[in-house]
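K.L.:
Kindly return the folded structure for what I paste below:
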Amino acid sequence: MRKTVAVGLAALIAMYLLGGTSARHEIFPWPQLSAAKKMVIGEKAAAPSRYTFDDKERLIADESKTAVTCPAQTDRTAVLLILGQSNAANYGGQRHRSDYGARVVNAFDKRCFIAASPLLGSTNTKGEYWTLLGNKLIASGQNDSVVLAPLAYGGSEVARWATGGDLNPMLVDTMKQLHDSGYRITSVLWVQGEADLVHGTTGEAYQKHFMSMVDTLRQHGVEAPVYISIASKCLEPSNGGFKEHIPDNAIVRAQLALSRSGHGIREGVNSDALLDGDDRYDDCHFGGTAGEKVSQAWLNLLRGESHLESSR
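P.N.:
Numbering: from 1, shown residues only. Alright, predicted model coming up:
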């Protein structure tokens, strides 16, 4: 009797270990059993969500959005084309919404919505600070209305934005949508570089791909200044980054060189230097304090540029 119980117990333990190993490594018989279960029971229906994404995981619809008539552009309207990776997209630690109703809008697919996190046109569904920047631009008296047109993909390398890259056609399409909506882009804000540092992109390659993207902008009638942020810091393997950050690196040197190269390219916000560890909620992405600091820094840059233009 004891021998039978022992054999049975050993068999159960062996089956448990086999099942766990099979599931963890996707080896026989787990895939076959899973497939059989799906055939008999069917796929579990996905829970309903207010969000809709495209095939590149970009947020393209949100049931909570309030559609409004797109504001007519005047000389006191800021039309901001926002490009880059996660810290330009909806990965922020704090959400924001327009304090001025339809005076700060999120333009997407030839429609306008009262700006509120997350913004349509970028990946993820967390917070962002561009809406906060829009509020600040109006509160400061700089602008009467602000149009936010984000196109940002988490983890994207600069090569994907260059001619031949998979995001370049999306950039062209976004510019055409804004043009068809009667908008002239007043500033291009680029926040990207962390992925290229991790993947070992050389400074020369970074500059080449970035200039290709700028050429795309110019070829499609965008004459606005292109602000290139100094952004390369994203720590910890959980974010695809390193344990420690070296401030003087190939990507930062390339970004600084580009900002001094002419072609309407100007230095944007240096988030590497501006933010400390407490400003990034996961050692990479911008938390609430980071959003406040960065939006204020962008305000200062855009206001300074406006004053420079008016004095010419």
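K.L.:
Next, count neighbours for R218.
P.N.:
For R218, the neighbour count with other C-beta atoms under 10 Å is 14. Yep, even glycine has a C-beta here, placed from its N, CA and C like the rest.
K.L.:
what do you get for D173?
P.N.:
Residues within reach of D173, counting by other C-beta under 10 Å, total 12.
K.L.:
Wait, a helix at it?
P.N.:
Yes - under DSSP: H, G, I helix; E, B strand; the rest coil, D173 falls within a helix.
K.L.:
show me the contacts for it.
P.N.:
With contact set as C-beta atoms under 8 Å, 6 or more residues apart in numbering, D173 has no partners.
K.L.:
E267: what's its closest spatial neighbour, skipping adjacent residues?
P.N.:
What sits nearest to E267 in space, not counting adjacent residues and going by C-beta to C-beta, 6 or more residues apart in numbering, is S259, at 3.7 Å.
K.L.:
Distance check, the one you found against A290.
P.N.:
In this view, S259 and A290 are 21 Å apart by C-beta to C-beta, to the nearest Å.
K.L.:
swap in K233?
P.N.:
K233 sits 11 Å away from A290, taking C-beta to C-beta as the criterion.
K.L.:
So for the two, which residues contact both of them?
P.N.:
271, 275.
K.L.:
Show the pLDDT at R312.
P.N.:
Note on R312: pLDDT of 41.
K.L.:
cool, and A35?
P.N.:
Each residue has a pLDDT score; the one for A35 is 59.
K.L.:
Report the helix or strand with the lowest average pLDDT across the chain.
P.N.:
Between all helices and strands in the chain, the lowest mean by mean pLDDT, DSSP states H and E belongs to helix 2-25, at a mean of 49.
K.L.:
that's a strand at V294, yeah?
P.N.:
No - counting by three-state DSSP, one finds V294 to be helix, located in no strand.
K.L.:
How many residues are close by it?
P.N.:
27.
K.L.:
Likewise for L81?
P.N.:
When neighbours are counted by other C-beta under 10 Å, L81 registers 25.
K.L.:
what's the helix or strand for it?
P.N.:
L81 belongs to strand 77-84 when elements are defined using DSSP states H and E.
K.L.:
who touches L299 in this structure?
P.N.:
133, 136-137, 140, 142.
K.L.:
follow-up on the earlier one: who's in contact with the residue nearest to E267?
P.N.:
Here S259 is in contact with 228, 265-268 (criterion: C-beta under 8 Å, 6+ apart).
K.L.:
S232 too?
P.N.:
193-194, 196-197, 245, 249, 251-252, 255, 272.
K.L.:
For it, which three-state class applies?
P.N.:
coil.
K.L.:
Next: C284.
P.N.:
With three-state DSSP as the basis, C284 sits in coil.
K.L.:
Just confirm A102 contacts T69, I think it does.
P.N.:
Yes - the criterion here is C-beta atoms under 8 Å, and A102 meets it with T69 at 7.3 Å.
K.L.:
Who has more neighbours out of the two?
P.N.:
For A102 versus T69, neighbours defined as other C-beta under 10 Å are more numerous around A102 (17 against 9).
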